[in-house]
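> need a structure here:
(one chain, ligands or ions: 1)
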Amino acid sequence: MILPIVLYGNPILRQRGSPVRRFDAELRKFAEDMRETMAANHGVGLAAQQVARALLLTVIDITAAKAPSTMILRGQPVPVEEQMPLFLANPVLSLTKSKEIGNEGCLSFPGLRIDVPRSRRVSVQAQDLQGKPLAFEASGFLAVVIQHEVDHLFGRLFIDYLKPGQRKEIKEDLARIRQGLPALAQD
Ligand code: ZN
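Take a look at the predicted model:
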């Protein structure tokens, strides 16, 4: 089932998610609805807050992105596509200090793209939809998407990384998104 996407301005995007405690059929149904919603909107990741539920659960699928990424599972590099979609419940990240600036979008901010500094590598400790521990390392585009989505789970948004001057530049975009209006066509 495709769920409505919550846009910037809705206070649920600022809520920290509750831990996932019950790894049951209801959770798996909700996770599958999140995956369908992400795919229908051509997203590479979706957090539970973006479909109006403050829960520490995100889904990621970067298969269509064709951006270089690596994933190391149990000490071995694995083909990233084979791990997609990736469901992360209760994720905890360790980040490298070295950062790289990349251009990001967000399904809760239609029509807005901004430059955000992100760590180049992440170590992830999470649980899968069965509640089993899931630990891996990621780099490249996958690492960026994981950081963006896990931020959502704690009520953080990509615009929070902007300096006050940069924030001013997107004031009109933010006002437009809050009103639910589409982006103006670029000429
Ligand atoms: Zn987002």
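> going forward, measure contacts between C-alpha atoms and count neighbours the same way
Fine.
> list the buried ones in stretch 40-52?
43-52 (16 or more other Cα atoms under 10 Å).
> any idea which of these is the one closest to residue 131?
Using Cα to Cα, residue 48 is the member of those that lies nearest residue 131, at 16.8 Å.
> in which helix or strand would I find the one residue sitting closest to the centre of the chain?
Among the residues of the chain, the one closest to the centroid is residue 149, at 2.3 Å (Cα atoms, centre = their mean). Assignment of secondary structure by DSSP states H and E places residue 149 within helix 141-153.
> can you tell me what sits against that helix?
Residues outside helix 141-153 that contact it (Cα atoms under 8 Å, 6 or more residues apart in numbering): 13-17, 44-49, 54-58, 60, 62, 67-70, 91, 118-122, 157-158.
> now the two most distant members of the buried residues of stretch 40-52.
44 and 52 (18.1 Å).
> if I look at residue 13, how far off is residue 142?
As defined by Cα to Cα, to the nearest Å, residue 13 lies at a distance of 22 Å from residue 142.
> from the chain's centre, how far out does the lengthiest helix in the chain sit?
If you go by DSSP state H, the chain has its longest helix at helix 25-40. In terms of Cα atoms, centre = their mean, to the nearest Å, the centre of helix 25-40 is set 14 Å apart from its chain centre.
> go through it and flag the buried ones.
Buried, per 16+ other Cα under 10 Å, within helix 25-40: 27, 30-39.
> any idea which of those residues is closest to residue 171?
residue 38 (26.2 Å).
> for that closest one, which non-adjacent residue is spatially closest?
The shortest distance from residue 38 to any non-neighbouring residue, by Cα to Cα, 6 or more residues apart in numbering, is to residue 46 (6.0 Å).
> show me the contact partners of stretch 65-84.
Residues outside stretch 65-84 that contact it (Cα under 8 Å, 6+ apart) are 44, 60-63, 135-143.
> list the helices and strands the strand ranked longest in the chain packs on?
Across the chain, the longest stretch assigned as strand under DSSP state E is strand 86-95. Under the contact criterion of 3 or more Cα pairs under 8 Å, 6 or more residues apart in numbering; DSSP states H and E, strand 86-95 touches strand 57-60, strand 121-127.
> so what are the sheet partners of the longest one and their directions?
Sheet pairing of strand 121-127 (DSSP bridges) gives strand 86-95 (antiparallel), strand 133-140 (antiparallel).
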